[in-house]
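K.L.:
Have a look; sequence and predicted model below, questions after that.
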Amino acid sequence: MTFFTIIVRGLQRRPVRTGLTLVGISIGIAAVVALVGISRGFEASWATGMKVRGTDIVVSNMGSALAPKPFSATVRDRIAKLPQVADACAIYADLTSVEDASMMVVSAREWGGFSWHNLKLISGRMPHDAMEPAVVLGQTAAEVLKKKVGDPLQLETKELTVTGIVDGGAMVENGSVILSLALFQNITGNEGRINVIDIRAAPGLTEDEMKHLCEQINTTAPEARAMVAGEHLGNSQAFRFISAMSWGTSLLAVIVGVLGVMNTMLMTVFERKQEICILLAIGWKPGRVIRMILWESALLGFLGGIVGVVLGTLAVKVLETLPAIHGMLEPDFNAGLMAVAVALAVIVGVLSGLYPAWRSSRLTPSLAMQG
Amino acid sequence: MNDTNPHAIMKQPLPDSSATTPPALVFEARGLKKDYDDGRVQALRGVNFRITQGEFVAIIGPSGCGKTTLLQMLGALDLPSAGILHYRGRSIAELPDPAGYRAREIGIIFQAFHLLPTFTAVENVQMPMFETDRPELSRTERAVELLKSVGLGHRLDHFPAKLSGGEKQRVAIARSLANGPSVLLADEPTGNLDSDNTKSILELIIRLRREQNMTLVLVTHDLNIARMASRTVQMKDGLIVADHPAT
């Protein structure tokens, strides 16, 4: 028998209570895994979207809203003239409800711009020209909207025709309704306005040169802010808010877990008061009793963490099947997140066990003689 | 089994009765007092005694006379309120490591056995050994040997709930011997047993004490048990009122 056997037996004493405590911790950890995984996945997916479009720098004004703030389309021409800018494509991107879908990315792109080039037709065709009342749908968007080539699509007050279904190579692209910028500006009354410019830098620029180019763009176009693709989303106040909300919600769930473990370990110390006194009476040092309680709570946390990681992953898998958000999630369940979640659970366990362990160390061995 | 252990079961020769050196002083108490509730309860009111190596001392007296309190003081389970209590010349109250003292020098047998219910007999016996540097295998071997020595070789993997009262007390006795103590403290060890088990448990304790030349301090209110001791200490109202050698 090892010391670990004693730890495990301690938890096996009250299997129902141990099980319920595990459920409490695992729900907290599942929330961390699910919310943070979704949040990080969204960021990673956005970065992938930029990569497949061949975008090196994104110029936008990511304020506190979910979609960037609009600015004058003339900014695009000013930036395009910079020597190290190889290409620029003006975009109006919006997050809005489209027919029955509560939230969808609508990406209106400069006709003929490079941001169209990554789109691979799966069926149908691309619009013939910038003003044809047509859209192409990413394959996930087509599934969510239940559209096929030739179907009508209501966008604002205008009925457009779905002329093609495309594979954009990234979740964000595949979840988008894509149309010509000029057509979108016309439909929404936003003539001359854009809110994103995708930039392709001259080939061979180093990281420092890329940052220098961003500074040049920022000087040229103070209306917006240039950032290396992939970084811009993390600088969005809205995204930061969502990210903070994810962590905040998760932490609330974790705090509930902490209280659960603390309650369990306090009950354990209370119930096993005489047992602990016997151990002290037969020669155990208070430090060993403290270690026993802390290891039990840490093990509880560890097991809760493992179960929580599995639960969180499964929960997101189930969410992904819901029609309302099908194809909208691309969670990032990397090993780092799993490790952080389990480590968090263990920390929760240890912290929750501190007070009960301290209580146990205050017991006097003479109590063993009673009863 | 640790062959180098000076108190290893059945490996020690019986004390040489012809030796001229007096037996070593194990416990010495002078004016020992213990109060509870800010002095409102005086469990020990100035106790004086000396116990030497190998003695079997029975402490008798009515309930509440301070027998168990005295045993707690001897085992460093609690601290005296006043007076002197020495173990082999060292003050028990000032021991730097009272847990280590309990683990290595003292074996305690409780009236209610106090086995841990979620551990088997062999696991219960190993419990005190966690405070020593014995490796796992050695702990198990020692526990098995101790259980065999108390006649429970066939009950090694039984949980306490599956053992009779007498068997539980045998496991508890084996546990008390785990680290080869030089002193056994027994608090009414047969109080929860029937007469047959009382007899066999007492015989076992007395045999083990003799084989290992341990000092045995046994608290009882049963005069028949006290008669088996080499010395009887009678207590009343927190004081020793009589101290008789064996008749």
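P.N.:
In hand now; what should we look at?

K.L.:
Report the buried residues of the longest strand belonging to chain A.
P.N.:
Ordering each strand of chain A by length in residues (DSSP state E) puts strand A:85-98 first. Neighbour counts using 16 or more other C-beta atoms under 10 Å in any protein chain shown place A:V85, A:A86, A:D87, A:A88, A:C89, A:A90, A:I91, A:Y92, A:A93, A:D94, A:T96, A:V98 of strand A:85-98 among the buried residues. (Each C-beta comes from the backbone N, C-alpha and C, glycine too.)

K.L.:
Next up, the contacts around the first one.
P.N.:
This means A:V85. Applying C-beta atoms under 8 Å, 6 or more residues apart in numbering or on different chains to A:V85 gives the contacts A:I79, A:I199, A:R200, A:A201, A:A202, A:L213, A:I217.

K.L.:
What distance do you get for it to chain B?
P.N.:
Relative to chain B, A:V85 is positioned 70 Å away (C-beta to the nearest C-beta, to the nearest Å).

K.L.:
Can you name the residues of chain B sitting close to chain A?
P.N.:
Proximity of chain B to chain A is confined to B:68, B:71-72, B:75, B:77-78, B:97, B:99-100, B:102-104, B:106, B:108, B:110, B:112, B:114, B:116, B:118-119, B:122-123, B:126-128, B:130-131, B:136, B:139-140, B:175-176, B:178-179, B:187 under the rule C-beta under 8 Å from any C-beta of the partner chain.

K.L.:
for the nearest residue in space to A:M103 that is not next to it in sequence, what are its contacts?
P.N.:
Spatial nearest neighbour of A:M103, chain neighbours left out: A:L95 (5.8 Å); criterion: C-beta to C-beta, 6 or more residues apart in numbering or on different chains. By C-beta under 8 Å, 6+ apart, the residues touching A:L95 are A:L66, A:A67, A:M103, A:M104, A:V105, A:V106.

K.L.:
And the residues you listed, which of them are buried?
P.N.:
Applying 16+ other C-beta under 10 Å to the contacts of A:L95 flags A:A67, A:M104, A:V105, A:V106 as buried.

K.L.:
quick one: which of the residues you listed sit in strands?
P.N.:
Using DSSP E, the buried ones among the contacts of A:L95 in strands are A:M104, A:V105, A:V106.

K.L.:
quick one: A:L329 from chain B, how far?
P.N.:
45 Å.

K.L.:
And the residue of the stretch 151-300 of chain A that's closest to chain B?
P.N.:
A:G283 (2.6 Å; C-beta to the nearest C-beta).

K.L.:
show me the contacts for that residue.
P.N.:
Neighbouring residues of A:G283 by C-beta under 8 Å, 6+ apart: B:A99, B:G100, B:R102, B:A103, B:R104, B:I106, B:P128, B:E131, B:N179.

K.L.:
wait, which of those residues is closest to chain A?
P.N.:
Out of the contacts of A:G283, the member with the shortest distance to chain A (by C-beta to the nearest C-beta) is B:A103, at 2.6 Å.

K.L.:
Local confidence estimate at the closest residue to that closest one other than its chain neighbours?
P.N.:
Spatially, and ignoring its direct neighbours in sequence, B:A103 is nearest to A:G283 (2.6 Å; C-beta to C-beta, 6+ apart). pLDDT for A:G283: 93.

K.L.:
tell me the angle of the strand or helix carrying A:L259 relative to strand A:85-98?
P.N.:
For A:L259, the element it lies in under DSSP states H and E is helix A:237-271. Helix A:237-271 runs at 60 degrees relative to strand A:85-98, counting by axes from the mean of the first three to the mean of the last three C-alpha atoms, to 10 degrees.

K.L.:
Could you verify my assumption that A:F71 touches A:V196?
P.N.:
No. Between A:F71 and A:V196 there is no contact under C-beta atoms under 8 Å: 9.6 Å.

K.L.:
Between the two, which has more neighbouring residues?
P.N.:
Neighbours per residue, other C-beta atoms under 10 Å in any protein chain shown: of A:F71 and A:V196, the larger number sits with A:V196, 26 against 21.

K.L.:
What is the helix or strand containing A:R76 packed up against?
P.N.:
Element membership for A:R76 (DSSP H and E) is helix A:74-80. When contacts are defined as 3 or more C-beta pairs under 8 Å, 6 or more residues apart in numbering or on different chains; DSSP states H and E, helix A:74-80 sits against strand A:85-98, strand A:196-201, helix A:207-220.

K.L.:
if you set the cut-off to 10 Å instead, what comes out?
P.N.:
strand A:57-60, strand A:85-98, strand A:193-194, strand A:196-201, helix A:207-220 (3 or more C-beta pairs under 10 Å, 6 or more residues apart in numbering or on different chains; DSSP states H and E).

K.L.:
picking up where we left off before, now do the shared contacts for A:F71 and A:V196.
P.N.:
Jointly contacting A:F71 and A:V196 under the rule C-beta atoms under 10 Å, 6 or more residues apart in numbering or on different chains are A:V59, A:S60, A:N61, A:A224.

K.L.:
ok, and the most crowded of those residues?
P.N.:
Scoring these on neighbours with other C-beta under 10 Å, the highest-scoring entry is A:V59 at 29 neighbours.

K.L.:
Pairing partners for that residue in the sheet, please.
P.N.:
The partner list for A:V59 in beta bridges (DSSP bridges) reads A:I197, A:A226.

K.L.:
mind checking how far it is from A:S26?
P.N.:
44 Å (C-beta to C-beta, to the nearest Å).

K.L.:
and the nearest residue to B:T198 once chain neighbours are set aside, what is it in contact with?
P.N.:
Closest residue to B:T198 apart from its sequence neighbours, by C-beta to C-beta, 6+ apart: B:T190 at 3.9 Å. Neighbouring residues of B:T190 by C-beta under 10 Å, 6+ apart: B:109, B:111, B:165-166, B:169, B:197-202, B:205, B:218, B:220, B:222, B:225.

K.L.:
Using CSV, write out every CA atom in the longest strand of chain A.
P.N.:
C-alpha atoms of strand A:85-98 as CSV (Å, rounded to 0.1, in the frame of the first residue of the first chain):
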residue,chain,number,x,y,z
VAL,A,85,1.7,47.5,-51.2
ALA,A,86,1.3,44.9,-54.0
ASP,A,87,-2.5,44.8,-54.0
ALA,A,88,-5.4,46.1,-52.0
CYS,A,89,-9.0,44.9,-51.9
ALA,A,90,-11.8,47.0,-50.4
ILE,A,91,-14.4,45.1,-48.4
TYR,A,92,-17.6,45.8,-46.5
ALA,A,93,-18.0,43.1,-43.9
ASP,A,94,-21.0,42.9,-41.6
LEU,A,95,-22.4,40.5,-39.1
THR,A,96,-26.1,40.5,-39.6
SER,A,97,-29.2,38.3,-39.7
VAL,A,98,-30.0,36.9,-43.1
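
K.L.:
neighbours around A:M369, how many?
P.N.:
Neighbours around A:M369, by other C-beta under 10 Å: 26.

K.L.:
Looking at it now. What's its pLDDT?
P.N.:
pLDDT for A:M369: 72.

K.L.:
same check, this time on A:I122
P.N.:
For A:I122, the pLDDT comes out at 93.

K.L.:
sorry, back to before: in the helix holding A:R76, which of the residues would be classed as buried?
P.N.:
Under 16+ other C-beta under 10 Å, the buried positions of helix A:74-80 are A:V75, A:R76, A:I79.

K.L.:
And stretch B:187-197, by the same measure?
P.N.:
B:D187, B:E188, B:P189, B:T190, B:G191, B:N192, B:L193, B:N197.
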